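Novice: Got a predicted structure here, sequence first:
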Amino acid sequence: MKIAILVTHDYCLGIGKDGHLPWQVKEFTEHFDALTYGRPIIMGRRTYEAYGAPLRGRLNIVLTSDPSSLKYDLDYGEELLQIASSYEEAIRIAKKSSNEVFFVGGASIFARALKDATDIYLNIIWDTYECDTYFPDYKEWFKPKRWETLSSIEVEDPEYYDEFKYVKMHLKRKEEKFYQKIFSFFRR
């Protein structure tokens, strides 16, 4: 199963402020829709509540340790919204409808998904914003020998700011060879 992370962060790994994105960029929304439409997305409760409703055209799986605290309308139906109380349950729900899933936030959801991610779609804004929520530090998980860059495009978009620049990247985890798996097992 393809387990992908889709995230936009600023230069200091900021991804949110007060439950919302610190930026509103049409290109990011279009990219998000193009990648996730028709595929399940997994998010935490606060991310879901920031959206205010399930995103149309895809199964929204909300991962929360306390489902009773989640505010949602039961009229959406199971084809649009499902609740999971564990990471494993969220993956099981996603597998029923697709062979790929996208993790779309927040910070603790990203941190957990990084362990299993096969793909990471990154938009890195070359600027800093006032944030209170951050993507996990790259030093904790990124090893160039284990990831390959499938695409990397630097974009300047003066439509939004005088000098708004960002990098759009797609990283793919390299397949471990059988002997590497055995070696790492015995090294524990």
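Specialist: Structure received. Numbers count the residues shown, from 1 in each chain.
Novice: Going by C-alpha atoms from here, please, whenever you check contacts or count neighbours.
Specialist: Noted.
Novice: Show me what Ile61 is bridged to.
Specialist: Ile42, Gln82 (DSSP bridges).
Novice: Isn't it up against Ile83?
Specialist: Yes. Counting by CA atoms under 8 Å, Ile83 is a contact partner of Ile61 at 5.6 Å.
Novice: got any residues that touch both of those two?
Specialist: Ala90 (CA atoms under 8 Å, 6 or more residues apart in numbering).
Novice: which intervals of this structure have sub-threshold pLDDT?
Specialist: 72-75, 157-163, 176-188 (pLDDT under 70).
Novice: Show me where it has its helices.
Specialist: For the chain, the helices defined by DSSP state H occupy 26-36, 45-51, 87-97, 107-113, 178-187.
Novice: Which one's more surrounded, Ile61 and Ile83?
Specialist: Ile61 (27 against 22; other CA atoms under 10 Å).
Novice: residues touching the more buried one, list them.
Specialist: Contacts of Ile61 by CA under 8 Å, 6+ apart are 40-43, 81-84, 90, 93-94.
Novice: 7 Å instead, please
Specialist: 41-43, 81-84, 90 (CA atoms under 7 Å, 6 or more residues apart in numbering).
Novice: swap in Ile83?
Specialist: Ile83 neighbours (CA under 7 Å, 6+ apart): 61-63.
Novice: can you count the residues close to Lys145?
Specialist: Neighbours around Lys145, by other CA under 10 Å: 8.
Novice: hang on, the earlier thing: same list (the helices of the chain) but as CSV, adding mean neighbour count.
Specialist: CSV is the format used below for the helices of the chain (neighbours: other CA atoms under 10 Å):
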stretch, mean neighbour count
helix 26-36, 13
helix 45-51, 18
helix 87-97, 16
helix 107-113, 18
helix 178-187, 9
